[in-house]
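Participant: After the sequence you'll find the predicted model.
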Amino acid sequence: MKTFNYHVPKNVKEASKLASTSSAFLAGGMTSVPSMKLGLATYKDIIDIKHIKKLSGIKVSGKTVTIGATTKHAEVANSRDVKKAIPSLTKLAGGIGDAQVRNRGTVGGSIANNDPSACYPSACMALNAIIHTNNRKIEASKFFKGMFETALKKGELIEAVEFQIPVKSNYQKHPNPASRYAIVGVYLAKHKKEVNVAVTGAKSSVYIDKDLSKALSSSFSSSAIDGMKLDSSEMNSDIHASGDFRASLVVTYAKKAVEAC
Amino acid sequence: MASLVGSRVERKEDKRLLTGKGRYTADINIANQTYAVFVRSPHARAKIKKVDTSKALKASGVVGILTGEEIAADKIGGLIAGWAIRSEDGSEMKVPANPPLAKDSANFVGEPIAVVFAESLDEAKNAADIVKVDYKVLKGVINTADAMKGEAIHDGIDKNLCYDWLLGDRKAVDEAFSKADKIIKVDLINNRCVPNAMEPRACVVDYNTASEEITLYTTSQNPHLSRLIMSAFGGVAPENKLRVVAPDVGGGFGSKINVYNEEIVCSWASKKIERPIKWVAERTESFLTDTHGRDHVTHAELAVSNDGKFLGFKNETIANLGAYARVFGTVTPTYLFGPCATGVYIIPAAYSNVKAVYTNTAPVDAYRGAGRPEATYTIERLVEKAAMELGIDRTEIRMKNFPTEFPFKQTLIHTVDSGDYVAGLEKAKQMSDYNGFAARRKKSEANGKLRGIGVSSYFEACGIAPSAVVMSLGCGVGLWESSEVRFNPTGQVSVFTGAHSHGQGHDTTFAQIAADELGVTLETVDVVHGDTDKGTFGMGTYGSRSLAVGGIAIVNACRKIVAKGKRVAAKMLEVSEDEINFKDGEFVVTKSNKKKTIGEVAFACYLPGSRDSDFKSPLPEGEEPGLIESSFFDPANFSFPAGSHISEVEIDPDTGEVKVEKYTAVDDFGRIVNPLVVEGQVHGGIAQGIGQALHENTEYDETGQLITASYMDYTMPRADNFPEFNLGFTCTHATTNPLGVKGCGEAGAIASPPAIMNAVIDALDGQEISMPATAEKVWKACKLLKKSNSKAA
């Protein structure tokens, strides 16, 4: 790993001020540290935001669950309040990586990185999340721009993620057997007015599958999407799964999600 | 005194290893050490035009940079192939030179070209980044099956062919096949595996400028052998000036048998730069440069009669050696493979033909089981397919062809001394509730799942090995093992062994054996291994040999101790030797019940005299003081563990996921010294075999880049991939060693891949699928199955 300057700002303002084109915010470091070790990423300045108290914690209101950016996966997975409000969210958090990863990795880190096979972005999309940054509020549908790309600007820091509590929801994942990231992850959320089927792992970035969402909005049953064929031309294809396999898995896991609701 | 042999003694080494008190090579630091980083080829095949170190030499902290030119100028020898295999036409195998630092050409991604030594690891890495190597990139030969069609990658090695080996009688096989009712055929790929020891390779070298001694701490399964090779072939230093220490080693699985480039280079360089050197592989370096395992492409046929009798067997195999032939590289796909390819069956005619090829990939060598997993996979796939095609129950067809009389002269080489294959399979059937499978299958089907059952009966030749036999087959050394047993004056015992423990639990099992032989407590015995400056020369640990060869050397040395003890006790007790009986640590005069403990005798051996009289030595005349004995044991034959494993899998046809629902293993390891340790070995072996069958895939792209070079892409099996393993044992004692023991370290990895694959293929109604049976492959097979079923309907 190349050497870097390590900063521990006391508050968000200070953190934001330290940011530059050659800096990175560090929360759990579950992606950035391995990338730096492998020489895939180098930074002049690492800005450790773990110690900014304001960024961590869980708040549940009648309609929303708000999770601070540096809240760890394990904290979400073990939160009774979250489990009561959105059980699928605790399930998702409890299935990320392994125990060590869940005790370091954070929700803010996950969505800021926007790995195409990360789990959390699908929850944001399905649960109509609003991403609170130090400057503004961004709707999930406008936040995830593409592979490892988000709407965040230089120095902009995620403070919290506000999820809308659905009527019913479920998360299903076909894990990559090696890394246990999602080959395909399907987050299904039934809201009062619509059904969202958010898919991660399948394409270059998380997306709402309109066909599945539409079919399930009109009839919320697995038979409504049984045998549905999705277009695989934009699906990821790698040594673990071809586009065709992914396309089929999306439907399979959407069905499983409906059945589990 | 209760016998320790046979008891579930908890591992003595675990307190140390599990509480962070182990001492691995990377834990060792020498004052004033430099850090080594290797410059490695990013290309699978390239000519090296120029290595420019000028800029890197000026970088911060750099102590020195050495290249292939310098090591060649110093006439340091390269890596070696340990076995000379002849082709069917009698010609010698073709082996390319494998210099420790490549000078003219690089032949796989990761091959070392140069090495940088610096004051810190960071500085060494930074400098290594700016060593400029000018390559002429050539098209590599990557694929095993096509290797013979590619351009020759080594000068003078036509068709990239190392040898074209034959064992057996082609004519007899042709005759047998001509009389058969049916010929069963399979085309198999035995997938390449990366051994993935938990501890990456490492070495720390300390050169003493005054004594001119090199001390090499290294991750080796066989430190004495490493010293011999580095001295005799590498010319690094004479044996008496080279000490090799393999301290705690975190797993080997065969990948730490070889002496590697880094150990040779750092040992040589330490003398050149007159500084200690430390090198620790990163995980990616382990993936790229540790020797890999398996990688066979096989066509095999079994000639059968309609009533299920096996008449003949043949296999045509292409085995990938990777870029170079290493220590066990050439023997693994031949003598460790072919003789076992006829399995546990009476097959009157057989041959095994293997073409070993060079490719621009990491060298392939022994990997847990070495040749025998490939053999067992071949025959057990054939047998299962035969049962399916002939409509005979898979266990019945096996029973029908098992030998029932021992010694059993197996078709190709081995004479198996003992076994009871019928008992093993019967027990496995009963333990796995084989007869209840149909009901379980129905239940799975009702849930939309496919369920399959698979049997794998195996034997294997391990405990390598009788020196006369292996040397006649081309081995460069004899494969005996040594031990020295030292009694301290105050009664503790040090057992020195040439075997090496890198997870096997020798501290415990060897102590159990010695304690029983000498009649002392377990706590009194310490096992010492892994240091060429301590103990006698030994051949190391691989091929499930530690107990069946090394353990017997300990028994024999202990028996020499008892024999001397008896002579001394006789003098002390003033009787003749034959009036004394040794039992439970006491030399007892049968008639009078007078006795001396072995501790008293040991004390007397070291303090021969008495203060009470003028001169009265307890030692018989001509007897030397001290109580130390050594033994070299060369076994009369291999040991032949055997057994039957039965697995059940359930497949989700929509996701392609294969779940191992049940796994039953019944093994015959002869007499078992420590059931706890043996069960651990079986668990580990099965896990590794299931890894090969379902998860582990080593994939090179067409340019020779290893695309599964990290745990993000290379699937190591995890605990949640396994069911609880249901283990059982049968026991027929080995007749070729005094303990009656057989090797157990590799059996699990040998038996399990076909047990799993037979079950997967059974679930898929006989549809062939290659290892690893990953989700997408299985999903595709399920789709085809659905199609053919709907057509049939």
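Facilitator: Ah, there it is.
Participant: Residue numbers of chain A in contact with chain B?
Facilitator: Proximity of chain A to chain B is confined to A:1-3, A:38, A:174, A:176-179, A:183, A:239-242, A:245, A:248-249, A:252-253 under the rule CB under 8 Å from any CB of the partner chain. (Glycine included, C-beta is placed from N, CA and C.)
Participant: and residue B:200, helix, strand or coil?
Facilitator: coil (DSSP: H, G, I helix; E, B strand; the rest coil).
Participant: any idea how far the nearest residue to it once chain neighbours are set aside is from chain A?
Facilitator: Nearest residue to residue B:200 in three dimensions, chain neighbours excluded: residue B:281, at 4.0 Å (CB to CB, 6 or more residues apart in numbering or on different chains). Counting by CB to the nearest CB, to the nearest Å, the gap between residue B:281 and chain A amounts to 14 Å.
Participant: what residues does the host helix or strand of residue B:396 touch?
Facilitator: Residue B:396 is part of helix B:394-401 when elements are defined by DSSP states H and E. Helix B:394-401 is contacted from outside by B:307-310, B:344-347, B:383-384, B:386-388, B:390, B:392, B:421-422, B:425, B:429, B:434, B:455, B:457, B:644, B:758, using CB atoms under 8 Å, 6 or more residues apart in numbering or on different chains.
Participant: mind listing which of these are in helices?
Facilitator: Cross-referencing these against helices under DSSP state H gives B:383-384, B:386-388, B:390, B:421-422, B:425, B:429, B:758.
Participant: Relative to residue A:25, which of the residues you listed is nearest.
Facilitator: For the ones in helices among the contacts of helix B:394-401, the minimum distance to residue A:25 (CB to CB) is 52.1 Å, reached by residue B:758.
Participant: what bridges to the nearest residue to that closest one once chain neighbours are set aside?
Facilitator: Once flanking residues are discounted, residue B:758 sits nearest to residue B:454: 2.9 Å by CB to CB, 6+ apart. Here residue B:454 sits in beta bridges with residue B:647, as judged by DSSP bridges.
Participant: Cross-check the contact I'm expecting between residue B:454 and residue B:759.
Facilitator: Yes - counting by CB atoms under 8 Å, residue B:759 is a contact partner of residue B:454 at 3.2 Å.
Participant: Can you pull the residues that touch both of the two?
Facilitator: Contact with both residue B:454 and residue B:759 is made by residues B:647-649, according to CB under 8 Å, 6+ apart.
Participant: Quick one, which of these are buried?
Facilitator: Buried members of these, scored by 16 or more other CB atoms under 10 Å in any protein chain shown, are B:647-649.
Participant: thinking again about what came up before, emit the ChimeraX select command for whichever of the contacts of helix B:394-401 are buried.
Facilitator: Buried members of these, defined by 16+ other CB under 10 Å, are picked up in ChimeraX with:
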select /B:308,309,310,344,345,346,347,383,384,386,387,388,390,392,421,425,429,434,455,457,644,758
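Participant: Least confident secondary structure element in chain A?
Facilitator: helix A:32-37 (a mean of 91; mean pLDDT, DSSP states H and E).
Participant: Could you tell me the angle between the longest strand seen in chain B and helix B:394-401?
Facilitator: Ranked by residue count under DSSP state E, the longest strand found in chain B is strand B:310-322. Strand B:310-322 runs at 110 degrees relative to helix B:394-401, counting by axes from the mean of the first three to the mean of the last three CA atoms, to 10 degrees.
Participant: how far out from the middle of the chain is the helix or strand following strand B:310-322?
Facilitator: Note on strand B:310-322: by DSSP H and E, the next helix or strand toward the C-terminus is strand B:349-358. Computed by CA atoms, centre = their mean, to the nearest Å, the separation of strand B:349-358 from the middle of its chain amounts to 21 Å.
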